[in-house]
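S.K.: What follows is a predicted protein model with its sequence.
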Amino acid sequence: MSNEIKHKGSCHCGAVVFEVEAPEHLHVLECNCSICSKSGYLHLIVPKSQFNLLKGSDNLVKYTFDTHQEKHWFCQTCGIKSFYIPRSNPDGVSVNVRCLDSSTIKRIDITPFDGVNWEANAHQLSHLSKS
């Protein structure tokens, strides 16, 4: 992958550690749906091949709602959702940019996403998990 580096990330307590391949200059989404806005989640959606869980698979707890297609993974110790499998991109991973080590990030551009009207807008996300 050209111009991509490995960013390391974790939950708050460090029980869950991962890395993700992405550019130094990140383009992320800020969704206004209830779960994202209440948790302050900033989405970096990548193909599953660009995500690697290094530690803590045994410390993750899954939460689903509505259609139960998405898989929200929380650290059972500190409660932080560092990443999840989105319904819009089941072939990808959405990483919470707020959980990445800031030392490898040069810049973050944030684009609002209307998740309150998810059904009408989800098609705008499908390309993000393609290699």
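M.R.: Structure received.

S.K.: So for residue 123, what's the pLDDT?
M.R.: In this prediction, residue 123 carries a pLDDT score of 88.

S.K.: Can you list the low-confidence ranges for the protein?
M.R.: Applying pLDDT under 70 to the chain flags the ranges 1-2.

S.K.: can you pull out the helices in it?
M.R.: Shown for the chain, the helices assigned by DSSP state H span residues 34-39, 118-121.

S.K.: residues contacting the residue sitting nearest the centre point of the chain?
M.R.: Taking Cα atoms, centre = their mean, the centroid of the chain lies closest to residue 95, which sits 1.9 Å from it. Contacts of residue 95 were listed using Cβ atoms under 8 Å, 6 or more residues apart in numbering, and they are 9, 18, 20, 22, 43, 44, 45, 46, 51, 82, 83. Using the backbone N, CA and C atoms, a C-beta is placed for each residue, glycine as well.

S.K.: Distance-wise, check it relative to residue 120.
M.R.: 25 Å (Cβ to Cβ, to the nearest Å).

S.K.: And for residue 46?
M.R.: Taking Cβ to Cβ, one finds residue 46 at 24 Å from residue 120.

S.K.: ok, the two, which is more surrounded?
M.R.: residue 46 (22 against 9; other Cβ atoms under 10 Å).

S.K.: quick one: the more buried one and residue 91 touch, right?
M.R.: No - in this structure residue 46 lies outside contact range of residue 91 using Cβ atoms under 8 Å: 10.3 Å.

S.K.: Spatially nearest residue to residue 100, not counting backbone neighbours?
M.R.: In space, and not counting its chain neighbours, residue 100 is closest to residue 9: 4.4 Å by Cβ to Cβ, 6 or more residues apart in numbering.

S.K.: okay, now that neighbour: neighbour count?
M.R.: 22.

S.K.: Looks like it contacts residue 19 (just checking).
M.R.: Yes - applying Cβ under 8 Å as the test, residue 9 and residue 19 come out as touching, 7.0 Å apart.
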